[in-house]
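Visitor: give the three-dimensional model of this entry:
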Amino acid sequence: MAVLLILLALLGAPLFAVIGASALWGFHSEEVDLQVVSVEIYRLAEMPVLLAIPLFTFAGYLLGESGAPARLVRATRAWLGWMPGGLALISLIACALFTAFTGASGVTIVALGALLFPALVQAGYDERYTLGLITTSGSLGLLFAPSLPLILYAVVAQQVDLDQPVAVDDLFLAGILPGLLMIALLAAWSWFSQPAARARHRFDRSEALDSLRETVWELPLPLLVLGGIYGGYITVTEAASVTAVYVLLVEVFILREIPLRAVPRIARESMVLVGAIMIILGVSLASTNYL
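Guide: Residues are numbered from 1 along each chain as shown. All right, here's what the predicted structure looks like:
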């Protein structure tokens, strides 16, 4: 059976099917009622913190469809382009911030990759290095709130009843320092390994102020999430709700960069991703409990 599961995985079978089949086979071989798998999924559905995942994902997809990525790149270039590391530092900061806004690196790579990749290549960066830089930059933001992997880790840790309780807000706080350190190290590596990174953008005060005015609606988001959670005003789930409503109002009704008729499509696309995450998480918990 184990060989069959490995073969199915190599042939491209869905991940949730392989993990779920391994859990069912394990419980069956131990003569345990297979209803334990459905019980695990039910326990998962009962967790309030899990509501944060679809809400943050929906907000991230809305930001990705709007002009927020371009505004964030312009603001980062205007304020940080004069520093050593040049465009590489801009890419690191912009991608990390946008991932912090959205909670998912995939949205960041799609939204910002098309803007940053041509600019980096044109500036003289190696093409393969540029691809790695953008991909890595998107992953860096996962260390900052609201990170979906950190939320998922907390959910799994709470389900397996660890001796030391794991709270989502503690994980958010713990990720700040490593995230900033990795950004600094990657910026330094870019400066030493890529001669093009030593070119600097002249600081223009008027351009910096204009870019700040452009991003006046997006910049409060991290402060809203982190300040609300660590100030004790809102929970993680409430922060996700506030973020989703805030982004919807700003991008659809205030800035009007997303037509109202496009919102159902964006919601559907974001929930497809959430559904994939949830089903993998459910069968993974069942497999973990078997082990």
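
Visitor: where does the residue in the chain sticking out farthest from the centre land in three-state SS?
Guide: The outermost residue of the chain relative to its centre, with distances by C-alpha atoms, centre = their mean, is E31 at 39.6 Å. Following DSSP: H, G, I helix; E, B strand; the rest coil, the label given to E31 is coil.

Visitor: same deal with R202?
Guide: Classified using three-state DSSP, R202 is coil.

Visitor: so what's the residue count around the closest residue to it other than its chain neighbours?
Guide: Excluding its sequence neighbours, the residue lying closest to R202 (C-beta to C-beta, 6 or more residues apart in numbering) is W82, at 6.6 Å. For every residue, glycine as well, the C-beta is placed using N, CA and C. W82 sits with 15 neighbouring residues when counted by other C-beta atoms under 10 Å.

Visitor: look up which helix or strand D210 falls in, please.
Guide: Using DSSP states H and E, D210 sits within helix 205-214.

Visitor: can you show me the helices along the stretch 51-200 of the chain?
Guide: Ranges of helices in the stretch 51-200 of the chain, per DSSP state H, counting those that start in this stretch, are 52-65, 68-80, 86-102, 105-122, 127-140, 148-159, 168-174, 176-193.

Visitor: residues making contact with the second one?
Guide: Defining contact as C-beta atoms under 8 Å, 6 or more residues apart in numbering, one finds that helix 68-80 is touched by 63, 87, 89-90, 93-94, 97-98, 101, 111-112, 115-116, 201, 203-204, 207-208, 210-212, 214-215, 218, 251.

Visitor: list the buried residues for that helix?
Guide: Using 16 or more other C-beta atoms under 10 Å as the test for burial, helix 68-80 gives A68, P69, R71, L72, V73, R74, A75, T76, R77, A78, W79, L80.

Visitor: which positions in the biggest helix by length in the chain come out as buried?
Guide: Secondary structure assigned by DSSP state H gives helix 263-290 as the longest helix of the chain. For helix 263-290, a neighbour-count test (16+ other C-beta under 10 Å) marks 263, 266-267, 270, 273-274, 277-287, 289-290 as buried.

Visitor: gap between the two ends of stretch 226-239?
Guide: End-to-end distance for stretch 226-239: 9 Å, by C-alpha to C-alpha, to the nearest Å.

Visitor: what about it, distance to the chain center?
Guide: Computed by C-alpha atoms, centre = their mean, to the nearest Å, the chain-centroid distance of stretch 226-239 equals 18 Å.

Visitor: flag every buried residue along that stretch.
Guide: Going by neighbour count (16+ other C-beta under 10 Å), the buried part of stretch 226-239 is L226, G228, I229, I234, T235, V236, T237, E238, A239.

Visitor: coming back round to it: now the contacts of helix 68-80: which count as buried?
Guide: Counted by 16+ other C-beta under 10 Å, the contacts of helix 68-80 give 63, 87, 89-90, 93-94, 97-98, 101, 111-112, 115-116, 201, 207-208, 211, 214-215, 218, 251 as buried.

Visitor: pLDDT of stretch 128-137, averaged?
Guide: Stretch 128-137 carries an average pLDDT of 84.

Visitor: what is the longest helix of the chain packed up against?
Guide: Here helix 263-290 touches helix 15-29, helix 35-45, helix 52-65, helix 148-159, going by 3 or more C-beta pairs under 8 Å, 6 or more residues apart in numbering; DSSP states H and E.

Visitor: now do the longest one: distance to the chain's middle.
Guide: Using C-alpha atoms, centre = their mean, the distance from the centre of helix 15-29 to the centre of the chain it belongs to is 28 Å.

Visitor: angle of that helix against helix 35-45?
Guide: Angle, helix 15-29 to helix 35-45, by axes from the mean of the first three to the mean of the last three C-alpha atoms, to 10 degrees: 130 degrees.

Visitor: make residue 1 into 3 and carry on from there
Guide: Done: numbering now begins at 3, and the last item shifts to helix 17-31.

Visitor: go through helix 17-31 and flag the buried ones.
Guide: Buried residues in helix 17-31, counted by 16+ other C-beta under 10 Å: F18, V20, I21, G22, A23, S24, A25, L26, W27, G28, F29.
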